[in-house]
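>>> Provided below are the primary sequence and the corresponding predicted coordinates.
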Amino acid sequence: MRLCPLGAAVVIAGTICLSLPTQAQEQNPYGWLGTETLKTRSGDFEFKGGYPVGDAAERLLDLRKLNQAIEVYLTQLMPVSEIGLREGLRAFGATKPTQVVVWEDLMDAKTVLLTANAETVYALSHLDLKADGPTVVEAPPKMLGFLQDGLQRYIADVGPLGDDKGKGGKFLILPPGFKGKIPKGYFVKRSPTYSVTLGLRGFQVDGKTDQAVGLMKQIKIYPLAKASSSPKMEFLNGSNKAINTVFPDNFHFFELLAQLVEEEPVENFGPLERSMMMAIGIEKGKQFNPDEKTKALLAEAARLGGAMARANTYASTAPGVFYYPDRKWQGVQEGMTYTFTKDGAPQIDARDNVYYMAAGNTPAMMAKNVGQGSQYLWTYRDAEGNFLDGAKSYKLHVPAKIPANNFWSVLVYDALSRSELQNGQPFPSVSSYTKPHINSDGSVDVAFGPDEPKEKGNWIKTVPGKGWFPIFRFYGPSEPYFDKTWKLEDIEAVK
């Protein structure tokens, strides 16, 4: 019989290799704290006879609450992102479901909204099922969009992959627990929350937005009870307006979460989620009013949680995070659906990897739908693995025959805000709609950097001192995208 090194226990070449206890294990086999100082990355904690000494207990309990708050941040990131979107639109003036924000001249960099595109016309509104009860949404034809609940969970697609099949139609959204009679003639959807987001995208025609805008102004939203005399719609133009919808990484994060918990049915949060929120003072039916010490702790937790989410997004090494094994382009992690669950268990890191920098939850953006919907690739690094730097120059070579039936685009975002880079250009993008310079072989080259290259071509300006990242969009993705016979090349630093 062969003996292992201390503390090891393995089987080598079929030979049993037994472990021997270390000296510390022999002296304290259960790991109990006696008369000693526990040294940790969070500080040293003194114990005597099993009891904490001095301020050790207070500091450990504060650390416990900090850890709970960080986990609340990470597990509730998507819901808070959703209420942040709603509150940002309300601050702009869209306070009622009949007030729809339409970016008539496309979404430019003045709108701070997680990784929105600059090629389609956006329309956004929020339903209030608590005030209005069952609500009708009359969606126009030729749209691509979704309805999602107040926790940013999928309710329905609108468009070619929705019940309306791209022809438009009447969607009836029922509030939580509705048991009344349901009339015929509607696409009926039940929402587990009272707040519901309507998000639609319309396509340019011949490089113009007027047709899409005209269609969007056919949107009607009204309570079912007022179907015979629906309220007048109001459309607010969001283009070239300062609108901020991105959730914060400070104490206000928890204020938004407390507001959401109070507004929505308790069943939207699982028992463990509620337990964790109660531990930091967030509980339905009770005022969220922490003392100054707790406020400071929660502010620290939001900053730490945001830093962890940022690292998890920008520097993830999870299996399947890269779309091509030999490239730096990322996509939704392999095997993940729009629910981000595995065997019924939420995959928090995989979910936050996407939703710290993106918004909108629908299968149309994730499932394989050849020729329909949309797909996305993004990267934070150049070919050598370095983060993209706004002070440096780069180039991207896009092979010919881009697998996008409707349009393609590459758009640059600020790594801090995860929104369109404010670089002095209204739309920091190159796309099918920008009349890009195309090489003789059908490929496209895109330059990135603070200074425009001497050779005229496709250039997106970056800003020194700001990290940036691009998203490459494929609208109407064709089979070569999915089978990866067409591969997007890495971004190269220009020496």
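That came in fine, so what should we check first?
>>> and residue 85, helix, strand or coil?
Under DSSP: H, G, I helix; E, B strand; the rest coil, the three-state class of residue 85 is helix.
>>> how close does it sit to residue 247?
For residue 85, the distance to residue 247 (CB to CB, to the nearest Å) stands at 8 Å. All C-beta spots, glycine's among them, are computed from the backbone N, C-alpha and C.
>>> repeat for residue 427
Per CB to CB, residue 427 is found 24 Å from residue 247.
>>> which of those two has more residues huddled nearby?
residue 247 (25 against 21; other CB atoms under 10 Å).
>>> if I pick that one, what's in contact with it?
Contacts for residue 247 (CB atoms under 8 Å, 6 or more residues apart in numbering) come out as 77, 80-81, 83-84, 253, 256.
>>> quick one: pLDDT of it?
The confidence metric pLDDT takes the value 97 at residue 247.
>>> assumed it was part of a helix.
No: under three-state DSSP, residue 247 falls outside any helix and is assigned coil.
>>> what's the closest non-adjacent residue to it?
In this structure, residue 247 finds its nearest non-sequential neighbour in residue 84, 3.5 Å apart by CB to CB, 6 or more residues apart in numbering.
>>> I'd like to know how many residues surround that neighbour.
Residues near residue 84, counting by other CB under 10 Å: 21.
>>> same thing with the one 3 residues further on?
The burial metric for residue 87, expressed as a neighbour count using other CB under 10 Å, is 17.
>>> now for the chain, the helix or strand with the poorest mean pLDDT.
One helix or strand of the chain scores below all others by mean pLDDT, DSSP states H and E: strand 10-12, with a mean of 40.
>>> residues of stretch 456-470 that come out buried?
Within stretch 456-470, the residues that qualify as buried by neighbour count (16 or more other CB atoms under 10 Å) are 457-463, 466-470.
>>> pLDDT-wise, what's the bottom of those residues?
residue 457 (92).
>>> OK, contacts around that residue?
437, 445-447.
>>> widest-spaced pair of the buried residues of stretch 456-470?
The distance between the two most remote of these (CB to CB) is 23.6 Å, for 457 and 467.
>>> now residue 364: phi and psi?
Dihedral angles of residue 364 (phi, psi; degrees, to the nearest 10) stand at phi -60, psi -20.
>>> that one contacts residue 374, doesn't it?
Yes: at 7.0 Å, residue 364 and residue 374 qualify as touching, with contact defined as CB atoms under 8 Å.
>>> which neighbours do the two have in common?
residue 144.
>>> and stretch 265-277, what's buried?
Judged by neighbour count using 16+ other CB under 10 Å, the buried positions of stretch 265-277 are 268-269, 273-274, 276-277.
>>> scratch that, stretch 424-443
Going by neighbour count (16+ other CB under 10 Å), the buried part of stretch 424-443 is 425-433, 436.
>>> now, which of the residues you listed sits nearest residue 406?
residue 432 (8.3 Å).
>>> roughly how far does the closest one sit from residue 213?
19 Å.
>>> can you check residue 461 too?
According to CB to CB, residue 461 stands 28 Å off from residue 213.
>>> secondary structure element holding residue 172?
When elements are defined using DSSP states H and E, residue 172 is found to belong to strand 169-174.
>>> output the contacts of residue 247 as CSV; include the columns distance to residue 167 and pLDDT.
Formatted as CSV, the contacts of residue 247 follow (distance: CB to CB, whole Å; pLDDT from 0 to 100):
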residue, distance to residue 167, pLDDT
77, 35, 97
80, 35, 98
81, 31, 98
83, 32, 98
84, 33, 97
253, 40, 98
256, 37, 98
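>>> so which of the buried residues of stretch 424-443 belong to strands?
Using DSSP state E, the members of those that fall within strands are 429-431.
>>> the helices in the stretch 351-495 of the chain, which residues?
Per DSSP state H, counting those that start in this stretch, the stretch 351-495 of the chain has helices spanning 479-483. These are given in chain order.
>>> where does it dip in pLDDT?
Counting by pLDDT under 70, the stretch 351-495 of the chain shows no low-confidence range.
>>> try 90 this time
Within the stretch 351-495 of the chain, the stretches falling below the threshold (pLDDT under 90) are 361-369, 371-374, 426, 455-456, 495.
>>> quick one: the strands in it?
Shown for the stretch 351-495 of the chain, the strands assigned by DSSP state E, counting those that start in this stretch span residues 374-378, 394-398, 404-414, 429-431, 444-449, 458-461, 468-477, 492-493.
>>> and those: which comes nearest residue 292?
strand 404-414 (32.7 Å).
>>> and the closest one, which residues are buried?
Neighbour-count burial for strand 404-414, counted by 16+ other CB under 10 Å, picks out 404, 406-414.
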